[in-house]
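Chemist: predicted structure and sequence below. I'll ask about it afterward.
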Amino acid sequence: MKLIQILKVAAIPVLTVFSFLSTSNTALADYLTSNGSGGEYRYELWSTNDNNDYYLKIWSSEASPESTSYSTTRHFSSTSEALDYFDCNYSGRANACVTRS
């Protein structure tokens, strides 16, 4: 009988530790920072959990919001760098690139 009580008492802390370990891995995910559109395209700006890395998902403005046919850009070090990239390459505002160079 004592063995069963010891196992019950030990099982709770062990299961608690495992649940904390599994949740910490799940929490490290990218998240949506902003979205918008320009020209014939729309974008979602995504960030890593630590806000040190950003990337864009870009769709044709004719594509449905649920569409999985999007392009993913390279990674950027700031939101402004990512949005400048979108303006220069997708929004049709070529003069935005020239003035920022």
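Modeler: Yep, that arrived.

Chemist: on the three-state scheme, the nearest residue to residue 73 once chain neighbours are set aside is what?
Modeler: Residue nearest to residue 73 in three dimensions, not counting chain neighbours: residue 56, with 4.4 Å by C-beta to C-beta, 6 or more residues apart in numbering. Where you see a C-beta, it was placed from the backbone N, CA and C, and this is true even at glycine. Recorded secondary structure, residue 56: strand (DSSP: H, G, I helix; E, B strand; the rest coil).

Chemist: what about the strands in this structure?
Modeler: Under the criterion DSSP state E, the chain contains strands at 31-38, 41-47, 54-60, 71-72.

Chemist: how about those, which one is nearest residue 90?
Modeler: strand 41-47 (4.3 Å; C-beta to C-beta).

Chemist: what lines up beside that closest one in the sheet?
Modeler: When pairs are called by DSSP bridges, strand 41-47 turns out to pair with strand 31-38 (antiparallel), strand 54-60 (antiparallel).

Chemist: circling back to that earlier point, for residue 83, find the nearest of the strands of the chain.
Modeler: Among the strands of the chain, if distance is taken as C-beta to C-beta, the winner is strand 41-47, at 6.9 Å.
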